[in-house]
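> Provided below for reference: sequence and predicted model.
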Amino acid sequence: MTQQRDTIYSAQREQLGRFAFDEQVVEVFPDMIQRSVPGYATIIAMTGVIAGRYAQQGSNIYDLGCSLGASTLAMAREVGDKAKLIGVDNSAAMIARCQSYVAESKTTSNIELIEQSIQETELQNASVVVLNFTLQFIPEADRQTLIQRIQEAMLPGGILVLSEKICFADPHLQKLNEELHLEFKRANGYSEMEIAQKRSALENVLIPETLHSHRQRLLDSGFSSADVWFQCFNFASMVAIK
Ligand SMILES: Nc1ncnc2c1ncn2[C@@H]1O[C@H](C[S@+](CC[C@H]([NH3+])C(=O)[O-])CC(=O)[O-])[C@@H](O)[C@H]1O
Ligand SMILES: O=C(O)C(=O)Cc1ccccc1
């Protein structure tokens, strides 16, 4: 994998379009997500560990919003050929590049990649479902239906890993965590202009919710247990068990 540095928002732009997962983003995505999401590497690696524990023989494992397949490949390493891995993403550019990463990885796992909206994906026989930083891009009004569908497609004892940018009901905590995230981005070499321009491009595209809302939705959808297993500032990962 060649690592290209993310400089997408480094020059001042006259017109800032909505953030999109296009070819330009795909080129720099591994660098972008690592420098933007505190705890990203840990969440990906532990998604693999969790999948290794919960994979059921002959079941399906879904990575919904798989991007370049970071979680898919982390799970492949832990799961081997016990289960079929299915990565889904609606960005053609992401799926194309993901396909070549999977080929390069020479994994012996059975991996299928599908270019499709996860709102349309047929889900079944699932022991593990992963939504790593994807639900935040789904319209809020559609989130309950999707989580409910995932729950219904899961085998008893199955697990959902849900990682998200989160917000806080308490205004002091909201301000603190947002500022700490900004410090993290500055420490990773992003300039004030890059931070400001990306923030504006993500407005009304990435919509965070509180941990309370996420947990409530998971329980309302029929999961028997749901809680946080990792958090760094305004980024968290939860597990929900059927
Ligand atoms: N409706 C949709 N259907 C399918 N895919 C979608 C949809 N909406 C957005 N996406 C896809 O969801 C992914 C979100 S990135 C996931 C990172 C990955 N999980 C990782 O752990 O490396 C997170 C981020 O960039 O913050 C993108 O590839 C979109 O194309
Ligand atoms: O960069 C940010 O501020 C984020 O919230 C995370 C992110 C990471 C990669 C793509 C889109 C959003």
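Structure's in. What do you need? Ligands and ions are numbered 1, 2, ... in the order given.
> Could you list the buried residues of stretch 32-44?
32, 33, 34, 35, 36, 37, 38, 39, 40, 43, 44 (16 or more other CB atoms under 10 Å). To be clear about C-beta, it is placed using only N, CA and C from the backbone, and glycine gets the same treatment.
> I misspoke; the intended subject was stretch 94-102.
Buried, per 16+ other CB under 10 Å, within stretch 94-102: 94, 95, 97, 98, 99, 101, 102.
> Direction included, what does the longest strand seen in the chain pair up with?
Determined from DSSP state E, the single longest strand within the chain is strand 154-165. Strand 154-165 has its sheet partners listed here by DSSP bridges as strand 126-132 (parallel), strand 235-241 (antiparallel).
> on that earlier part again, quick check, nearest of the buried residues of stretch 94-102 to ligand 1?
Closest to ligand 1 out of those is residue 94 (4.5 Å), distances taken as CB to the nearest ligand atom.
> for the chain, what spans make up the strands?
For the chain, the strands defined by DSSP E cover 60-64, 84-89, 110-115, 126-132, 154-165, 225-232, 235-241.
> hmm, back to that, the longest strand of the chain near ligand 2 anywhere?
Yes: using CB under 6 Å from any ligand atom, strand 154-165 reaches ligand 2 at residue 165.
> which residues touch residue 232?
38, 39 (CB atoms under 8 Å, 6 or more residues apart in numbering).
> now it: how far from ligand 1?
Per CB to the nearest ligand atom, to the nearest Å, residue 232 is found 15 Å from ligand 1.
> Next: residue 211.
18 Å.
> mind checking pLDDT for that residue?
pLDDT for residue 211: 98.
> Now do the same contact list for it.
166, 228, 236, 238.
> Any figure for the gap between the one residue in the chain that gets nearest to ligand 2 and residue 188?
Proximity of the chain to ligand 2 (CB to the nearest ligand atom) peaks at residue 36, 3.4 Å away. The spacing between residue 36 and residue 188, counted by CB to CB, to the nearest Å, is 8 Å.
> One more: residue 213?
From residue 213 to residue 188 the distance is 28 Å (CB to CB).
> Tell me the buried residues in stretch 224-242?
226, 232, 233, 234, 235, 236, 237, 238, 239, 240, 241, 242.
> and that stretch, does that touch ligand 2?
No: Stretch 224-242 lies out of reach of ligand 2 by CB under 6 Å from any ligand atom, never closer than 7.9 Å.
> Which residue does this protein have closest to ligand 1?
For the chain, CB to the nearest ligand atom, closest residue to ligand 1: residue 65, 3.0 Å.
> I'd say residue 185 and residue 35 touch.
Yes: counting by CB atoms under 8 Å, residue 35 is a contact partner of residue 185 at 6.9 Å.
> who's in contact with residue 109?
76, 79, 80, 81, 85.
> try it again with 10 Å
61, 72-73, 75-85, 102 (CB atoms under 10 Å, 6 or more residues apart in numbering).
> from these, which is closest to residue 160?
residue 61 (11.2 Å; CB to CB).
> For the closest one, give me the pLDDT.
For residue 61, the predicted pLDDT is 98.
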